[in-house]
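[1] take this sequence and fold it.
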Amino acid sequence: SADVAFSALQLWKPLQNLGRTVFKDLSAVDTPNELTAVFKFAKPTPFQLIRNALPALSSVVPKHVYENGKIEENPANNAPVGTGPYRFAEYKAGQYYRLAKNADYWGKDEPYLDEIVYQVLPDRTSAAAALEAEEIQLAAFSAVPLADLDRISKVPGLKVITKGYEGLTYQLVVEINHRRKELADLKVRQAIAHAIDKDFVVKTIFLGYAATATGPVPKNDPQFYTADVPTYAFDVAKANALLDEAGYKKGPDGNRFSLKLLPAPYFNETKQFGDYLRQALAAVGIDAELVNNDSPAHIKAVYTDHAFDLAVGPPVFRGDPAISTTILVQSGIPDGVPFSNQGGYKNAELDALIAKASETLDTTARTELYKEFQKKVAADLPLINVAEWSFISVARDTVGNIANNPRWAVSNWADTYLAG
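    Residues are numbered from 1 along each chain as shown. Next up, the predicted model:
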């Protein structure tokens, strides 16, 4: 319990990007005995939120190892200590990480594997070849490019698995800088939404391994998702009409206005969507200049300097809107916080709804508030949700018990086994 209290107050709340939001009102953790930790909050904090957040945020570190000196500089960060089914055994830079079976693990007869070796591959294209050559048994986190999946799914002895990541759903969004006069106009934002062919994006960029989005909560979330929100069908004529109504007529060159578009560099798909969006905007008379940066420069430009008009982002939905979703649209977020509302958007009604939901203890009432949240976001378009996708695994047929929970890829793999 001392480790839990230390982790919550010294790690989750002050140091974790998402923990700062979830545990902002955590004031104390009492430890009446070695096996009990009592969390005390300064304000009402929904149990539903804590339950949803703990799997994503609750890495417990040993207090006796971390209590002296800066946590960020502790040598144990490179040789982790824990109570999971595997112990950190070895690391060779540029080659592999090796975990060994924890003989003292509390799970009965677990883990099933003697060791796990995370092999470092030079690039994504080598993962498929390594699987086919049986040099590795599993490639998780979309290590195999989408373009290779159709072919590799036909290779005897291999299987493509699209489950096991539901608790980590990526969302393809268009972030909007509302400081820009044109983009502060709802009709312009609606026009941009109508100019995007979401079905084309899913089929062409994601090769079908994604779903079209309706709003800030993904369709695969059974707790909070609602389809009862305003939608924007692909309609170039309507987009052009809305831009005309907003007063932005096409000039002699066919353009209405120009803007800067910054696609996030983290995934091939976000970069490809940036190319597509530039063309989609051109079709309605908006001239978009693509600005491609590396990751640090992109984060600084969008979230600190606000040097963008539109940006393509891939935020992650982590099972509860309060963990990493409301921060995308609520106002008052300090400059420099990645994956947050840095577009100058402010909606007092939406802010009040977010605040109310954050303190609503009744699960049913809280869920309904987040359904209303989705409606308001879809109506006012502080950002535009385009698609949602999760990682994909490819494994040998001999690998068992994978993808058997919505956070499997980041779970402990205690019951994963190799047959034969």
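
[2] only C-alpha atoms for contact and neighbour calcs from this point on.
    Will do.

[3] gap between Ile286 and Gly69?
    53 Å (CA to CA, to the nearest Å).

[4] neighbour-wise, which of these two wins?
    Taking other CA atoms under 10 Å, Ile286 and Gly69 do not tie; Ile286 has more neighbours (21 against 9).

[5] bridging residues for the more buried one?
    Applying DSSP bridges to Ile286 gives these bridge partners: Phe257.

[6] the closest residue to Lys300 other than its chain neighbours and Thr21, how far apart?
    Ranked by CA to CA, 6 or more residues apart in numbering and with sequence neighbours excluded, the top spatial neighbour of Lys300 is Gly336, at 7.2 Å. For Gly336, the distance to Thr21 (CA to CA) stands at 15 Å.

[7] then Glu349?
    To Thr21, Glu349 is 20 Å away according to CA to CA.

[8] so between those two, which is more surrounded?
    With neighbours defined as other CA under 10 Å, Glu349 and Thr21 compare such that Thr21 has more, 16 against 11.

[9] do I have it right that the more buried one meets Ile323?
    Yes: in this structure Thr21 lies within contact range of Ile323 using CA atoms under 8 Å: 6.9 Å.

[10] any residues in contact with both of these two?
    By CA atoms under 8 Å, 6 or more residues apart in numbering, Thr21 and Ile323 have no common neighbours.

[11] can you give me the pLDDT of the residue nearest to Lys300?
    For Gly336, the pLDDT comes out at 92.

[12] wait, isn't it in contact with His306?
    No: with contacts counted by CA under 8 Å, Gly336 stays clear of His306, the gap being 9.3 Å.

[13] joint contacts of the two?
    With contacts taken as CA under 8 Å, 6+ apart, the residues that reach both Gly336 and His306 are Lys300.

[14] phi, psi for the residue nearest to Lys300 please.
    In terms of degrees, to the nearest 10, the main-chain angles of Gly336 are phi 90, psi 0.

[15] ok, Gly420 to Gly94 distance?
    In this view, Gly420 and Gly94 are 30 Å apart by CA to CA.

[16] now Pro156
    In this view, Pro156 and Gly94 are 30 Å apart by CA to CA.

[17] over to Arg318?
    Arg318 sits 30 Å away from Gly94, taking CA to CA as the criterion.

[18] who has more neighbours out of these two?
    Neighbour totals were compared for Arg318 and Gly94, and Arg318 leads with 22 against 10 (other CA under 10 Å).

[19] touching, the more buried one and Leu54? I think so.
    No: if you go by CA under 8 Å, Arg318 and Leu54 don't touch, sitting 10.5 Å apart.

[20] Ile192 touches Lys238, doesn't it?
    No: contact status for Ile192 versus Lys238: not in contact, 10.1 Å apart, counting by CA under 8 Å.

[21] so for these two, which sits in the more crowded spot?
    Using other CA under 10 Å as the criterion, Ile192 and Lys238 rank with Ile192 on top: 26 against 17.

[22] SS state for that one?
    Judged by DSSP: H, G, I helix; E, B strand; the rest coil, the three-state class of Ile192 is helix.

[23] how about the secondary structure of Val394?
    From three-state DSSP, the assignment for Val394 is strand.

[24] please apply the same query to Tyr105.
    Here Tyr105 is coil, with the state taken from three-state DSSP.

[25] tell me how many other residues crowd it.
    For Tyr105, the number of neighbouring residues by other CA under 10 Å comes to 16.

[26] so how far is Leu35 from it?
    Here Tyr105 is placed at a distance of 17 Å from Leu35 (CA to CA).

[27] just Phe41 next, same as before
    Distance from Phe41 to Leu35, counting by CA to CA: 20 Å.

[28] who's more crowded, the two?
    A direct count of neighbours by other CA under 10 Å for Phe41 and Leu35 places Phe41 higher, at 14 against 9.

[29] quick check: bridge partners of that one?
    Beta-bridge pairing for Phe41 (DSSP bridges): Leu26.

[30] I'd say it and Ala28 touch.
    Yes: taking CA under 8 Å as the definition, Phe41 is a contact partner of Ala28 at 7.0 Å.

[31] tell me where the stretch 1-150 of the chain has strands.
    26-33, 36-41, 86-92, 96-101, 115-119, 138-139 (DSSP state E, counting those that start in this stretch).

[32] how far away from the center of its chain is the fifth one?
    When you say that, I think you mean strand 115-119. Averaging C-alpha positions (CA atoms, centre = their mean, to the nearest Å) puts strand 115-119 25 Å from its chain's average.

[33] elements contacting it?
    In terms of contacts (3 or more CA pairs under 8 Å, 6 or more residues apart in numbering; DSSP states H and E), strand 115-119 is packed against strand 96-101.

[34] what mean pLDDT does the strand it packs on get?
    pLDDT averaged over strand 96-101 gives 96.
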